[in-house]
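Participant: give me a model of this one.
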Amino acid sequence: MASRDRGIRVLRATRAHLDALTDLFVPYLAFYRREHDRDRVREFLSERLARKESVIFVAIEGTGANASTVGFVQLYPTFSSLRLSRMWVLNDLYTAPDARRRGVAHLLISAARTMAVGTSATHLELLTARDNHAAQRVYESAGFCRDEQFCRYGQDLVRREEPVFSG
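Facilitator: Residues are numbered from 1 along each chain as shown. Have a look, this model is predicted:
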């Protein structure tokens, strides 16, 4: 799947995009105050691509030696019991600072939506930080609606050396 607009191509990421993707993923994590070693980030992304556990699209500006990766979106598949259907979680979206306000995020969201519809999904879901007002404006302008019906809860799980249950 490729999308082309404003001199920017959106492509499904492959291992060939791994280094450029890692270069964008490190500042993305830093934005959310999650500092990780570049090698660990690269390994994480490499595993997602190799195991086909996520779908990643990259936005590339220019061609040939002048091409640069200016954004990405990563989605994870899941299902909704309430909808009785497949859905996708738009887990990560990032645009390089010098490429912002040029429609890159909208191109990436459009590619994500097209892919989700192509898999017969009925819902695309995302989360963003409460104070990330710029992203909230982008998502709302792209047709996403804030959930006012459900409260979201989470629980961090700690890795244990020994099994919790034995038997």
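
Participant: surely Met115 meets Gln74?
Facilitator: No - the criterion here is CB atoms under 8 Å, and Met115 misses it with Gln74 at 11.7 Å. (Glycine included, C-beta is placed from N, CA and C.)

Participant: helices of this protein, residue ranges please.
Facilitator: Remark: helices assigned in the chain by DSSP state H are 18-31, 38-51, 104-118, 133-141.

Participant: thinking again about what came up before, of Met115 and Gln74, who's got more company?
Facilitator: Each of Met115 and Gln74 has its neighbours counted (other CB atoms under 10 Å); Gln74 has more, 23 against 18.

Participant: straight-line length of stretch 63-74, end to end?
Facilitator: 23 Å (CA to CA, to the nearest Å).

Participant: longest strand anywhere in this structure?
Facilitator: strand 68-80 (DSSP state E).

Participant: that strand pairs with which strands?
Facilitator: The strands beside strand 68-80 in its sheet (DSSP bridges) come out as strand 55-61 (antiparallel), strand 85-95 (antiparallel).

Participant: pLDDT of that strand, averaged?
Facilitator: Average pLDDT, strand 68-80: 97.

Participant: could you check the angle it makes with helix 104-118?
Facilitator: 40 degrees (axes from the mean of the first three to the mean of the last three CA atoms, to 10 degrees).

Participant: state the distance from Gly62 to Ser68.
Facilitator: Distance, Gly62 to Ser68, using CB to CB, to the nearest Å: 6 Å.

Participant: and the gap between the residue lying closest to Phe57 once chain neighbours are set aside and Ile56?
Facilitator: Using CB to CB, 6 or more residues apart in numbering and skipping the chain neighbours, the partner closest in space to Phe57 is Ala111 (4.6 Å). Ala111 sits 10 Å away from Ile56, going by CB to CB.

Participant: what residues are shared contacts of these two?
Facilitator: Common neighbours of Ala111 and Ile56, counting by CB atoms under 8 Å, 6 or more residues apart in numbering, are Val73.

Participant: find the least confident helix or strand in this protein, judged by mean pLDDT.
Facilitator: strand 2-5 (a mean of 52; mean pLDDT, DSSP states H and E).

Participant: and Val89, how many neighbours does it have?
Facilitator: Neighbour tally, Val89, other CB under 10 Å: 16.

Participant: how about the contacts made by it?
Facilitator: Applying CB under 8 Å, 6+ apart, the residues near Val89 are 75-78, 125-126.

Participant: next one: Ala142
Facilitator: 105-106, 109-110.

Participant: got those as JSON lines, with pLDDT and distance to Arg38 columns?
Facilitator: Rendered in JSON lines, the data for the contacts of Ala142 read as follows (pLDDT from 0 to 100; distance: CB to CB, whole Å):
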{"residue": "Ala105", "pLDDT": "96", "distance to Arg38": "24"}
{"residue": "His106", "pLDDT": "96", "distance to Arg38": "28"}
{"residue": "Ile109", "pLDDT": "97", "distance to Arg38": "27"}
{"residue": "Ser110", "pLDDT": "97", "distance to Arg38": "29"}
